[in-house]
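Chemist: Sequence and computational prediction follow.
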Amino acid sequence: MKIETKCIQSGYTPKNGEPRVLPIVQSTTYKYSTAEQMGDLFDLKDNGFFYTRLANPTADAVEKKITDLEGGVGAMLTSAGQAASLIAIMNICQAGDHVVSATTIYGGTFNLFAVTLKKFGIDVTFVDQTADIEELQKAFKPNTKAVFGETLANPSLEVLDLEKFATLAHNNNVPFIVDNTFPTPVLCRPIEWGADIVTHSTSKYMDGHAVALGGVIVDSGNFNWANGKFPEFTEPDESYHGVVYTEAFGKAAFITKARVQMMRDLGCAPAPMNCFLLNLGLETLCLRIERHSENAQKVAEYLEANPKIEWVNYPVLKTTNITNLLKSTFQRVAVV
């Protein structure tokens, strides 16, 4: 299925007589005939909905669509992009752990990492993403648990060398987390370049109409959480009936833990109405991204040709030195 079709059709497949448009399930709770059925849901022995903080039919359909668009095994929507970044880190790290992050990231994420995570006992080292692997390796410590970067930095527009950072992370047996907000999966799918976890602020291009705050975390299913560095995935979770995530959920261990542990405790769940609005935005994502890219290219070229303009920062301009990296990473460079 082409990505243009996935944007419209993926995630929700109505049966005969069911609504053609994804319904808004504005309910916090769900009815079951027996206490045993509800108990199986709480114990993660069965799939279904029992409380909207953890899962909701409207959110579920949109999560499946974004999973399909990014090429992962599962996704979880959050109330905002900041919540997605926070949970992606907190699902892996605890007090005493360390993260390596590119310096050129969204200012809100930088503050989250540099200020707020310190209050949780998590230290972050910021690195120059243009440095070579040997130089970047110096930032790693024995307690490093993740590498973070943005595909296309907000707002500097620096293009991250995904393969280099994926190699760096995997050489150190830690996951590579990528914020893919700016390109969206229409232009780049980081999992195809080695990313293990992908996040978005869906408030930006995915929504596209400035009507719904939101975020999302997508799990590639490719990282080996049983490599000895992540006991929280391989040892019983006493807060959830002793479940061992790698044993019970296999490739979906990360996203399941994020939902039943992190979302359970932090509670930054999206409203069903916002999920519905996000889905409407996703249906036109391919068309909008192409038009955004075409328009931005024309504006950048016009400004570059204007003698009154000292400099223009836009990755696809022929005067930039990252065009080859851009072409090797992005899907539709002709219209970026």
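Modeler: The structure has been received and is ready for your questions. If you're wondering where the values come from, they're calculated on a predicted model, not measured in any experiment.
Chemist: in this protein, which helix or strand is least confident?
Modeler: helix 323-329 (a mean of 64; mean pLDDT, DSSP states H and E).
Chemist: in the stretch 101-250 of the chain, which spans are helices?
Modeler: 107-111, 117-119, 133-137, 162-171, 184-187, 231-234, 245-249 (DSSP state H, counting those that start in this stretch).
Chemist: Residues touching the shortest one, excluding its own?
Modeler: In this case it means helix 117-119. 89, 93, 99, 123, 124 (Cβ atoms under 8 Å, 6 or more residues apart in numbering). Where you see a C-beta, it was placed from the backbone N, CA and C, and this is true even at glycine.
Chemist: Filter these down to just the ones in strands.
Modeler: Judged by DSSP state E, those include 99, 123, 124 as members of strands.
Chemist: Residue 101 is in contact with the second one, correct?
Modeler: The reference is to residue 123. No: taking contacts as Cβ atoms under 8 Å, residue 123 lies outside contact range of residue 101: 10.7 Å.
Chemist: Out of the contacts of helix 117-119, grab the one that's most surrounded.
Modeler: Sorting the contacts of helix 117-119 by how many neighbours each has (other Cβ atoms under 10 Å) puts residue 89 first, at 26 neighbours.
Chemist: Model confidence score at that one, please.
Modeler: Residue 89 is assigned a pLDDT of 98 by the prediction.
Chemist: for it, what are its contacts?
Modeler: By Cβ under 8 Å, 6+ apart, residue 89 lies in contact with 99, 113, 117, 122, 146, 148, 177.
Chemist: I'd like these as JSON lines, with pLDDT appended.
Modeler: Below are the contacts of residue 89 laid out as JSON lines (pLDDT from 0 to 100):
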{"residue": "99", "pLDDT": "98"}
{"residue": "113", "pLDDT": "98"}
{"residue": "117", "pLDDT": "98"}
{"residue": "122", "pLDDT": "98"}
{"residue": "146", "pLDDT": "98"}
{"residue": "148", "pLDDT": "98"}
{"residue": "177", "pLDDT": "98"}
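Chemist: Output those in JSON lines; the columns should cover distance to residue 210.
Modeler: Below are those laid out as JSON lines (distance: Cβ to Cβ, whole Å):
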{"residue": "99", "distance to residue 210": "31"}
{"residue": "113", "distance to residue 210": "26"}
{"residue": "117", "distance to residue 210": "28"}
{"residue": "122", "distance to residue 210": "32"}
{"residue": "146", "distance to residue 210": "31"}
{"residue": "148", "distance to residue 210": "26"}
{"residue": "177", "distance to residue 210": "26"}
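Chemist: Let me know the closest of those to residue 67.
Modeler: Checking the contacts of residue 89 against residue 67 with Cβ to Cβ, the nearest one is residue 177 at 16.3 Å.
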